[in-house]
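Novice: structure for this input, please:
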Amino acid sequence: HTAELLADTLHQPRELVGPLAELVQSKTRGNPFFVGEVLKSLYLGGLLAYERAAGGWRWDVDRIQERGITDNVVELLARKVQTLPEAAQHVLRLASCIGGEFDLATLAVVSEQPPAAAVADLWPAIAEGLVLPRGDAYKLAGSLPEDAQLGAIGARVRYRFAHDRVQQAVYSLIAEADRQAIHWRVGRLRLRGAGPLQAVGIS
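Specialist: Residues are numbered from 1 along each chain as shown. Coordinates of the predicted model:
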């Protein structure tokens, strides 16, 4: 199945992608989400490239093995998260403490900023496919004025991490002391029914 996926993605015969498929399979155990992330990592690292002159994708399995791709998918995803702007990383770290799925109202309050700013910070992670909107309500959030109040829309705009390993990867980037502070904040927010919280310094 991994060979078929690579053959279809790279528009190459299955026998040609065989050695690459074996390598990718050994790193991902065939999970389609992880296969996609490994391919993106190879592409960004220059180990998988489209050659216009040859009219197709080219790679060198020996070079890939020499460079090494991690067997740890969480580590691979954590590296990807670290390429995002710092504001996006910050809001993702907060979101990872809220849960696998979260709403804009909670994220905005926990990140101590207006909903429009929280959405803007989250957007790079959405563009990279690390976070996915739930339903169509997120389209309304993009048009919120900078000083808009949360209102009913905040709870309707929901997002989820693309995979539990993405949430795990983001969570792994938070210092232990900061985790406790963020969890405390999120817990207080939920106890108060999304009411305002006292400010707590979280880096």
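
Novice: what residue of the chain is the furthest out?
Specialist: For the chain, the residue at maximal distance from the C-alpha centroid (Cα atoms, centre = their mean) is residue 53, at 33.7 Å.

Novice: show me where the protein has its helices.
Specialist: 2-10, 14-28, 32-44, 61-67, 73-81, 86-98, 104-110, 115-127, 138-141, 153-156, 164-172, 176-191 (DSSP state H).

Novice: okay, these, which one's buried deepest?
Specialist: helix 104-110 (a mean of 23; mean count of other Cβ atoms under 10 Å). (Glycine included, C-beta is placed from N, CA and C.)

Novice: for this structure, which element, helix or strand, carries the lowest mean pLDDT?
Specialist: helix 138-141 (a mean of 60; mean pLDDT, DSSP states H and E).

Novice: state the distance from residue 33 to residue 82.
Specialist: 19 Å (Cβ to Cβ, to the nearest Å).

Novice: now residue 107
Specialist: To residue 82, residue 107 is 20 Å away according to Cβ to Cβ.

Novice: next one: residue 34
Specialist: For residue 34 relative to residue 82 (Cβ to Cβ), the value is 18 Å.

Novice: next, name the residue at the spatial heart of the chain.
Specialist: For the chain, the residue nearest the mean C-alpha position is residue 130 (2.2 Å; Cα atoms, centre = their mean).

Novice: ok, that one touching residue 92?
Specialist: Yes: counting by Cβ atoms under 8 Å, residue 92 is a contact partner of residue 130 at 7.3 Å.

Novice: list residues touching both of the two?
Specialist: 81, 170 (Cβ atoms under 8 Å, 6 or more residues apart in numbering).

Novice: for stretch 19-37, how far is the first residue from the last?
Specialist: Distance between the boundary residues of stretch 19-37 (Cα to Cα, to the nearest Å) amounts to 18 Å.

Novice: so for it, mean pLDDT?
Specialist: Averaged across stretch 19-37, pLDDT comes to 86.

Novice: and the closest residue to residue 131 other than its chain neighbours, how close does it get to residue 183?
Specialist: Nearest in space to residue 131, with sequence neighbours left out and distances taken as Cβ to Cβ, 6 or more residues apart in numbering, is residue 125 at 4.5 Å. According to Cβ to Cβ, residue 125 and residue 183 sit 20 Å apart.
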